[in-house]
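[1] below: sequence and its predicted model.
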Amino acid sequence: MKLKKWLMVLLVMGTIVGLVSGCSSKAEGSQEKADEGQSLAGQTLFIYCGAGMTKPFGEIADQFKAETGCDIQVVYTNAAQIQNQIQTTGEGDLFIAGSADELKPVQDKVSESTDLVKHIPVLAVKSGNPLGITGLNDLTGTGVEVVLGDGEATPIGKIANKALTDLGILNNVNVIARAATAPEIANALSVDECNAIIIWKENVPANAEIVNTPDLNAYVKTVPAAKLSSSSNTEALAAFITYLGSDPVKTIWEKNGYEVLN
């Protein structure tokens, strides 16, 4: 009888210990998840990004902050202004450039870079293509007014100049304005200030269409994420670079019209 009583006591004690241990493990697991979600809380990343990528990159930055607690401060403007700020201030953690070419003026400030997505230039016209434009050569036609990007300050402006120069028609195109950013180029076509634009594929306005031509195929670029040597927040920056290669981020790029590099 005494032996049975002791067995019962041991069984009850074992059950209690098991329950306490299980609760403790669950509590610790919950705490670990909470800690993981807040592991970068209080940290800040300062990032430069081309203005044409405001929509997708803004969503990426917001999602990263929501998941990690890390604050993301982003400056959206054209490449020339970003390059100047990087050179003069010596500050910043990351530069999301419209093309790898835009890293050359600040290459001494870049420690390494990773390509993210393709940046595809296209020829766009008003929906229905009222002037019947079929390619870049048609931009020289009578009455065709064109808006391009700044040929000195923006990647898409430089590409437009190069493509039209390679065809020998740049001086024959009626360029009525040069815009500082891709969104400004898109707006010019959207509000009927011009008949055609050369712009990044993802920035084509809703009331416009892309001309099906191979004329710009040779000028496709890639968007790089360039680490700046001025960055001192190695933990947050490493986490964000890793995050940029994740499936959720690729989905954001794709739904905004970009082609992800595999």
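    Arrived safely.

[2] alpha carbons only for contacts and neighbour counts from here, please
    OK.

[3] you'd agree Leu136 is up against Leu164?
    Yes. In terms of Cα atoms under 8 Å, Leu136 counts as a neighbour of Leu164; the distance is 7.3 Å.

[4] helices along the stretch 101-250 of the chain, start to end?
    Taking DSSP state H, counting those that start in this stretch, the helices of the stretch 101-250 of the chain run over residues 155-166, 182-190, 234-244, 247-255.

[5] winner for burial among the ones you listed?
    Among the helices of the stretch 101-250 of the chain, helix 182-190 has the highest mean neighbour count (mean count of other Cα atoms under 10 Å), at a mean of 22.

[6] check which helices and strands the helix or strand harbouring Ala66 is in contact with.
    Here Ala66 is covered by helix 54-68, with elements defined by DSSP states H and E. Under the contact criterion of 3 or more Cα pairs under 8 Å, 6 or more residues apart in numbering; DSSP states H and E, helix 54-68 touches helix 2-37, strand 71-77, helix 247-255.

[7] report the separation between Thr140 and Lys65.
    48 Å (Cα to Cα, to the nearest Å).

[8] with Asp138 instead?
    Taking Cα to Cα, one finds Asp138 at 46 Å from Lys65.

[9] can I see the domain layout of the chain?
    With domains defined by automatic domain parsing, the chain comprises 44-118+222-260, 121-219.

[10] could I get these as TSV with mean pLDDT?
    What follows is those, written out as TSV (pLDDT from 0 to 100):
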stretch	mean pLDDT
domain 44-118+222-260	95
domain 121-219	97
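
[11] how many neighbours does Ala61 have?
    Per other Cα atoms under 10 Å, the neighbour tally for Ala61 reads 20.

[12] beta partners of the residue lying closest to it once chain neighbours are set aside?
    Distances taken as Cα to Cα, 6 or more residues apart in numbering put Ile72 closest to Ala61, at 6.2 Å, once the chain neighbours are dropped. Ile72 forms beta bridges with Leu45, as assigned by DSSP bridges.

[13] just list the residues touching Ile72, thanks.
    Thr44, Leu45, Phe46, Ile47, Ala61, Asp62, Lys65 (Cα atoms under 8 Å, 6 or more residues apart in numbering).

[14] list only buried entries from the residues you listed.
    Taking 16 or more other Cα atoms under 10 Å as the criterion, what is buried in the contacts of Ile72 is Thr44, Leu45, Phe46, Ile47, Ala61, Lys65.

[15] which ones are touching the residue nearest the centre of the chain?
    Nearest to the mean C-alpha position of the chain, by Cα atoms, centre = their mean, lies Phe57 at 4.1 Å. By Cα under 8 Å, 6+ apart, the residues touching Phe57 are Cys49.

[16] so Ser99 sits right up against Pro155, yeah?
    Yes. Counting by Cα under 8 Å, Ser99 touches Pro155, with 6.7 Å between them.
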